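# what's the 3D shape of this:
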Amino acid sequence: MEGVSLGFILLRWNGLLIAFGIVCGALLAALEAKRRFQDAEVVYYLFVPLTISGWVGARLWHVLTPPLSSVQLGLTTQYYLSHPLDILSLWTGGFGIPGALLGGILALLLIARKEKFPFGDLADMLAPGIILAQAIGRLGNYFNQELYGLPTNLPWAIFIQPQNRLRGFEQVEFYHPLFAYEIFLSLVSLVLLLWLARGSLAWQLKPGDVFLTYLVSYSLIRFLLEALRLDVSLVNNININQVFFACVFIIAGGMLVRRRLAPVL
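Numbering: from 1, shown residues only. Okay, the predicted model is just below:
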């Protein structure tokens, strides 16, 4: 079952779950806003621009670094550049979380600077909601039979329909359910972030620490899972997503260490 049919339109499960995840993430961020600022209006103010910038960034990342499944269908970067209207056809191809992160962070920086909001506090407020949204959105990969990993005979292996298998793997039926691994690990990270933000050690945190912890934990999750992924995004034969998350892990981790060793400038 691909989605919910409303007669003239088909609402695909992947899109529905991504939208549901965004709403749930926003509600969690609103709870954090009330706890931190005593006012959830800041979340409602940020919701639309951050959502739009995240979608745009995610789409551009896909266009510039399409995964193998898209390349095998002819949806290469060259194709998109020669058919620019297809970039706007969101049902063609897909999206990339690295682009969503970059787009969201850039938008938040610009808004914080314009409105003189404390960026670190805003980012900390949003971090638990972001990873909750990502975990819920990944459920859509189950219905679309996307984000599966290497072939495996493990008891929890997922069956992939022949039409959704990569070329060269047409005869292989069972694969690692990478989307399930990411959901589980993201929920573990969510618990960690909430514990940091609300636990007994919260008073020792500096603005931005929760967000940096989110970047470290999620980039580590994605870096490790990319090693099991078949449908990788290659740039000059390099897994660009894995490189991206390795860089994020190093930068965010280095900033956390530096903050523990020196005062905030």
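# tell me which residues in stretch 138-155 are buried?
The neighbour-count check on stretch 138-155 (16 or more other Cβ atoms under 10 Å) flags 138-142, 144-149, 151-152 as buried. Bear in mind the C-beta positions are built from the backbone N, C-alpha and C, glycine included.
# stretch 79-86 now?
Buried positions in stretch 79-86, judged by neighbour count with 16+ other Cβ under 10 Å: Y79, Y80, D86.
# which ones are touching the second one?
Same thing as Y80. Y80 sits next to V63, P66, D86, I87, G93 when contact means Cβ atoms under 8 Å, 6 or more residues apart in numbering.
# how about the first one?
With Cβ under 8 Å, 6+ apart as the criterion, the residues that contact Y79 are D86.
# for L73, see how far away it is.
9 Å (Cβ to Cβ, to the nearest Å).
# now, the buried residues of stretch 138-155 that are in strands?
Per DSSP state E, strands hold no members of the buried residues of stretch 138-155.
# can you tell me which of those residues is closest to R260?
R138 (31.6 Å; Cβ to Cβ).
# separation between the closest one and E182?
Counting by Cβ to Cβ - R138 and E182 are separated by 5 Å.
# between those two, which contacts overlap?
L147.
# low-confidence ranges in this structure?
1-11, 38, 263-265 (pLDDT under 70).
# hey, where'd the strands end up in it?
Counting by DSSP E, the strands of the chain are 3-5, 10-12, 158-159, 174-175, 234-235, 238-239.
# could you find the closest non-adjacent residue to P151?
V172 (4.6 Å; Cβ to Cβ, 6 or more residues apart in numbering).
# do the same with S70
G93 (5.3 Å).
# check contacts around that neighbour.
H62, V63, P66, S70, L75, Y80, D86.
# quick one: the helices in this protein, in order.
13-37, 41-64, 68-72, 77-82, 85-88, 97-115, 119-137, 140-144, 178-198, 209-226, 240-261 (DSSP state H).
# can you add distance to Q163 and give those helices back as JSON lines?
Formatted as JSON lines, these follow (distance: least, Cβ to Cβ, whole Å):
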{"stretch": "helix 13-37", "distance to Q163": "16"}
{"stretch": "helix 41-64", "distance to Q163": "20"}
{"stretch": "helix 68-72", "distance to Q163": "11"}
{"stretch": "helix 77-82", "distance to Q163": "21"}
{"stretch": "helix 85-88", "distance to Q163": "21"}
{"stretch": "helix 97-115", "distance to Q163": "25"}
{"stretch": "helix 119-137", "distance to Q163": "23"}
{"stretch": "helix 140-144", "distance to Q163": "12"}
{"stretch": "helix 178-198", "distance to Q163": "18"}
{"stretch": "helix 209-226", "distance to Q163": "24"}
{"stretch": "helix 240-261", "distance to Q163": "24"}
